[in-house]
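**Student:** build me a structure from this.
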Amino acid sequence: METSRLQLNVINLTWPASPITCYFGQQPTTGNAVKLPDTLVPPQVYKALQASKKLKADDSIYTNFTVNEPGFVPVKMALHNHRSFAKYYYSNLLQVYFKTKRVVYRHDFIKQMEVWIPKQKDESKGLMYFDKYRLKPVFRTDTDCPQLWEQYIAHATGEQVN
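**Tutor:** Take a look at the predicted model:
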């Protein structure tokens, strides 16, 4: 029987050198917009939506992060001033990356991203084997800089190969 060992790697990141432009709105037109909890919406987003006369009371705020969507308002922000939003931003970057690479990813029960990297095919059994990793954006306690935790979870047997 194979046993798995947890391994943790930390990748240090840096904050963007200049403010980034993110797009926010209340009526998403595509399925790519992410609904933000009220506690994560930076104050300047409310101001920008009010100034554009697009803020409706009691409506949720959505973002496509750096992708513009019709009816959304651009807001420049320094991510290091909005750490909670920055976690969502970095998680979205990971999702977009793995989606474009056609790599299987999902969120586990505590909303951490799991990535399934194909390892090998077993043609005789018709199975595909994967290595599972958990990815989580965090912030260093000593410098407050972003980091990416990458944790090896297990070797997994997955889909039947046709």
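**Student:** ok, which stretches of the protein are helices?
**Tutor:** 43-51, 83-100 (DSSP state H).
**Student:** which one of these lies closest to Thr14?
**Tutor:** Shortest distance between Thr14 and the helices of the chain, using Cβ to Cβ, is found for helix 83-100: 11.9 Å. No exception for glycine: its C-beta is placed from N, CA and C like everyone else's.
**Student:** which other helices and strands does the closest one contact?
**Tutor:** In terms of contacts (3 or more Cβ pairs under 8 Å, 6 or more residues apart in numbering; DSSP states H and E), helix 83-100 is packed against strand 34-36, strand 61-65, strand 104-107, strand 113-122, strand 127-139, strand 146-160.
**Student:** now with 7 Å, please.
**Tutor:** For helix 83-100, the packing partners by 3 or more Cβ pairs under 7 Å, 6 or more residues apart in numbering; DSSP states H and E come out as strand 113-122, strand 127-139.
**Student:** mean pLDDT lowest for which of those strands?
**Tutor:** Lowest mean pLDDT within those: strand 113-122, a mean of 83.
**Student:** ok so, going back, how about CSV for the helices and strands packed on helix 83-100, with distance to Tyr23 and mean neighbour count added?
**Tutor:** Rendered in CSV, the data for the helices and strands packed on helix 83-100 read as follows (distance: least, Cβ to Cβ, whole Å; neighbours: other Cβ atoms under 10 Å):
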stretch, distance to Tyr23, mean neighbour count
strand 113-122, 22, 15
strand 127-139, 20, 17
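**Student:** what's the domain layout of this structure?
**Tutor:** 1-17+82-162, 20-77 (automatic domain parsing).
**Student:** how long is stretch 38-49 end to end?
**Tutor:** 14 Å (Cα to Cα, to the nearest Å).
**Student:** hang on, the earlier thing: reformat the helices of the chain into CSV and put distance to Ser124 next to each item.
**Tutor:** Formatted as CSV, the helices of the chain follow (distance: least, Cβ to Cβ, whole Å):
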stretch, distance to Ser124
helix 43-51, 55
helix 83-100, 29
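**Student:** so which bits of stretch 59-76 are buried?
**Tutor:** 61-65, 69, 72-73, 75 (16 or more other Cβ atoms under 10 Å).
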